[in-house]
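In: whatever this is, show me its structure:
(chains A and B)
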Protein chains: 2
Amino acid sequence: MVVNGVAEGDPEGEERSIRVRAEQLSPRIGELAHNLDLIERAIVAAVADGVQLLVLPELSTSGYYLRDKAEALSVALSADDPVLDRWASLLPADAVVVVGFCENAAGVLYNSAVVVDAGGVIAVYRKTHLWDAEQNLFVPGPDRPPVVETGLGRLGVLICYDLEFPEMPRSLALRGADILVVPTNWPLVPRPDGERPPEVVQAMAASRSSAIPIVCCDRSGSERGNVWTQGTSIIADGWPVGSTDAQGRVDATIAIPRSRTRIGPLNDVLSDRRPDLYF
Amino acid sequence: MVVNGVAEGDPEGEERSIRVRAEQLSPRIGELAHNLDLIERAIVAAVADGVQLLVLPELSTSGYYLRDKAEALSVALSADDPVLDRWASLLPADAVVVVGFCENAAGVLYNSAVVVDAGGVIAVYRKTHLWDAEQNLFVPGPDRPPVVETGLGRLGVLICYDLEFPEMPRSLALRGADILVVPTNWPLVPRPDGERPPEVVQAMAASRSSAIPIVCCDRSGSERGNVWTQGTSIIADGWPVGSTDAQGRVDATIAIPRSRTRIGPLNDVLSDRRPDLYF
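Out: Alright, predicted model coming up:
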């Protein structure tokens, strides 16, 4: 059913709960083999713990503060690298993993995220809004982010700075995503005492505005003198759920919302939109 | 200068600071004369205190939980009612007042906000996203919200539920607003202990996303058994500034940002947009 140009969730669809984890790894800059081992161990542990959706950070394979294109190329993977199939081989039938990686597409570098299930790679998204010096390494992705059909539901994928453009989570919700997954590398920025990271505030607002859960996976520690925010958050109904454990993991059980954008007898956060008035 | 379709702030423009107040009045439902007296006293006090921009709540003249159209019509004002000029007459040359009012336009009711300066009425905005039972009383405004040129800067005007559509504050920022003013009546909704009202979280995110200050004026107390959130907030750089005093006032000095959407050597929150990818 389409109301006001918006595809409604399937009103007959059964609500489901999924077990979600975001784990803020500490990859070492430029150490591909070490980082691939970290990622594999995170996947194995998640599967052992019954996690169905695992989200890992942006550029998990390479680290973030790469000095130049030569260093980035030295740790970049193509989207058909066998290691991505290796990750798939570790998954049971109902599980999905999202990993940020440094992509080499015939010599062109992208800041990408791959969505993998037991059958293999089901989507690769190339970050479209590049932050700061990323612009010296990567080409901005030419395509809008995917809404990926998985056994868990429809995943919308964004990477870090993408989420700070309110049009992006909104677009994915309008296109039918059930949940957003956001690998990030958030550099620590000043904030008032007692406040959450501002990027988390933006994720909370995006979650409430479009009645969609959002999983943000940040980084641990620091890299080349730059400290990470460690703002890993799983957000449902606009509020963070769960908290980060000593290993940098946030676990939560999330209801896939389907048809849950109605917020009262007369209101729906998507079909109440007035697109004729915007921009 | 226009970059990526976005008008940049005037780089030669002098940054200015303005004294802002939001005062969460307690109008009485259906008691027009009482409420006009409240409004007038709030304006006089603000002028005496040197406030340059005063924002009052949604439907300040009438109250919110009007039973039916007949009751709403009994307290509605036309946009050329002499009382609006009366408010103008109370203002010095550099001051602006924004008041939510129940508008009667030849028998059609709108949930409106008026922007007044010493010269008289300079804009009327008719709320475009109607919440819940408002839909039984009011017609949604047909026009997008105004960006009003004033002596203080360019004011973008929204009313309450409008702000929960991230497209709305974004649109006003893109159209060159320096500050957003948002008369609201926020009914108290459940929230986790220790959290701010979710509507304030959305305002904080909107402020950061578009690097624009936002003034939200809520209500005090309760009305016909419905409790108000009392979430009045003045937000700059994504964070609330000032706090509500015993009289329900929040005062703050706000730098009108002009050319302040640049957030690093290579990034600008407006011109980094990728409109080709949205929606």
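In: so what's the closest residue to A:Asn35 other than its chain neighbours up against?
Out: In this structure, A:Asn35 finds its nearest non-sequential neighbour in A:Pro27, 4.1 Å apart by C-beta to C-beta, 6 or more residues apart in numbering or on different chains. Just so you know, the C-beta spots here come from the backbone N, C-alpha and C atoms, and that holds for glycine as well. Residues in contact with A:Pro27 (C-beta atoms under 8 Å, 6 or more residues apart in numbering or on different chains) are A:34-35, A:38, A:57, A:59-63, A:219.
In: out of those, which are inside helices?
Out: Counting by DSSP state H, the part of the contacts of A:Pro27 found in helices is A:34-35, A:38.
In: list only buried entries from those.
Out: Those of those that meet the buried threshold are A:35, A:38, by 16 or more other C-beta atoms under 10 Å in any protein chain shown.
In: so which of the ones in helices among the contacts of A:Pro27 is the closest to chain B?
Out: Closest approach between these and chain B, by C-beta to the nearest C-beta: A:Asn35, at 26.1 Å.
In: shouldn't that closest one be in contact with A:Ser60?
Out: Yes. With contact defined as C-beta atoms under 8 Å, A:Asn35 counts as touching A:Ser60 (6.3 Å).
In: which neighbours do the two have in common?
Out: Contact criterion C-beta under 8 Å, 6+ apart; residues shared by A:Asn35 and A:Ser60: A:25, A:27.
In: before we move on, back to that, now the ones in helices among the contacts of A:Pro27 as CSV including distance to B:Gly264 and pLDDT?
Out: Converted to CSV, those look like this (distance: C-beta to C-beta, whole Å; pLDDT from 0 to 100):
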residue, distance to B:Gly264, pLDDT
A:His34, 30, 98
A:Asn35, 27, 98
A:Leu38, 29, 98
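In: show me where the stretch 1-150 of chain A has its strands.
Out: When secondary structure is read from DSSP state E, counting those that start in this stretch, the stretch 1-150 of chain A shows strands at A:2-3, A:6-7, A:16-23, A:53-55, A:96-105, A:108-117, A:120-126, A:147-150.
In: now these in JSON lines, with distance to A:Leu174, mean neighbour count and mean pLDDT?
Out: Output for the strands of the stretch 1-150 of chain A, formatted as JSON lines (distance: least, C-beta to C-beta, whole Å; neighbours: other C-beta atoms under 10 Å in any protein chain shown; pLDDT from 0 to 100):
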{"stretch": "strand A:2-3", "distance to A:Leu174": "11", "mean neighbour count": "10", "mean pLDDT": "34"}
{"stretch": "strand A:6-7", "distance to A:Leu174": "6", "mean neighbour count": "16", "mean pLDDT": "41"}
{"stretch": "strand A:16-23", "distance to A:Leu174": "21", "mean neighbour count": "22", "mean pLDDT": "96"}
{"stretch": "strand A:53-55", "distance to A:Leu174": "21", "mean neighbour count": "29", "mean pLDDT": "98"}
{"stretch": "strand A:96-105", "distance to A:Leu174": "21", "mean neighbour count": "25", "mean pLDDT": "98"}
{"stretch": "strand A:108-117", "distance to A:Leu174": "20", "mean neighbour count": "24", "mean pLDDT": "98"}
{"stretch": "strand A:120-126", "distance to A:Leu174": "17", "mean neighbour count": "19", "mean pLDDT": "98"}
{"stretch": "strand A:147-150", "distance to A:Leu174": "10", "mean neighbour count": "19", "mean pLDDT": "97"}
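In: now chain A, which segments are flagged as low pLDDT?
Out: A:1-14, A:257-259 (pLDDT under 70).
In: rerun at 90
Out: Applying pLDDT under 90 to chain A flags residues A:1-16, A:94, A:221, A:242-244, A:256-264.
In: what residues does the stretch 151-279 of chain A put near chain B?
Out: Residues of the stretch 151-279 of chain A found near chain B (C-beta under 8 Å from any C-beta of the partner chain) are A:161, A:164-168, A:170-171, A:174, A:191-192, A:195, A:198, A:201-202, A:204-206, A:208-209, A:238-239, A:264-267, A:269, A:272-275, A:277-279.
In: just read off the phi/psi values of the residue lying closest to A:Ser74 once chain neighbours are set aside.
Out: Excluding the flanking residues, the one nearest A:Ser74 by C-beta to C-beta, 6+ apart is A:Gly30, at 6.8 Å. When read as degrees, to the nearest 10, the backbone of A:Gly30 gives phi 80, psi 0.
In: so A:Gly30 sits against A:Ala70, correct?
Out: No. With contact defined as C-beta under 8 Å, A:Gly30 does not reach A:Ala70; the gap is 10.7 Å.
In: looking at those two, which one has more neighbours?
Out: Neighbour totals were compared for A:Gly30 and A:Ala70, and A:Gly30 leads with 17 against 8 (other C-beta atoms under 10 Å in any protein chain shown).
In: quick one, what contacts the more buried one?
Out: By C-beta under 8 Å, 6+ apart, the residues touching A:Gly30 are A:62-63, A:66, A:71, A:74-75.
In: ok, it to A:Tyr65 distance?
Out: Between A:Gly30 and A:Tyr65 the computed distance is 10 Å (C-beta to C-beta, to the nearest Å).
In: from chain B, how far off is A:Cys160?
Out: Distance from A:Cys160 to chain B, counting by C-beta to the nearest C-beta, to the nearest Å: 12 Å.
In: the closest residue to that residue other than its chain neighbours: neighbour count?
Out: Leaving out its chain neighbours, the residue that sits closest to A:Cys160 by C-beta to C-beta, 6+ apart is A:Thr184, at 4.1 Å. By other C-beta under 10 Å, the residues close to A:Thr184 number 28.
In: these two touch, right, A:Thr184 and A:Ile159?
Out: Yes. When contacts are counted by C-beta under 8 Å, A:Thr184 is listed as touching A:Ile159 (7.1 Å).
In: common neighbours of these two, please.
Out: Common neighbours of A:Thr184 and A:Ile159 (criterion: C-beta under 8 Å, 6+ apart): A:Glu58.
In: can you point out the buried residues in stretch A:242-260?
Out: A:242, A:244, A:248-252, A:254, A:256-258, A:260.
In: farthest pair within those?
Out: Farthest-apart pair in these is A:Gly248 and A:Arg258; separation 30.7 Å (C-beta to C-beta).
In: tell me where the stretch 151-279 of chain A has strands.
Out: Applying DSSP E, counting those that start in this stretch to the stretch 151-279 of chain A gives strands spanning A:153-157, A:179-183, A:214-217, A:222-223, A:226-227, A:233-236, A:239-241, A:249-256, A:262-264, A:267-268.
In: in its sheet, what does the second one sit against?
Out: If I follow you right, that is strand A:179-183. Strand A:179-183 sits in its sheet next to strand A:153-157 (parallel), strand A:214-217 (parallel), going by DSSP bridges.
In: and the longest one, by the same measure?
Out: Taking DSSP bridges as the criterion, strand A:249-256 forms sheet pairs with strand A:16-23 (antiparallel).
In: could you list every residue that touches A:Ala106?
Out: For A:Ala106, the contact set (C-beta under 8 Å, 6+ apart) is empty.
In: tell me how far it lies from chain B.
Out: For A:Ala106, the distance to chain B equals 23 Å [C-beta to the nearest C-beta].
In: around chain B, pick out the residues from the stretch 1-150 of chain A.
Out: For the stretch 1-150 of chain A, the residues in contact with chain B (C-beta under 8 Å from any C-beta) are A:128-129, A:131-133, A:135, A:140, A:143-145.
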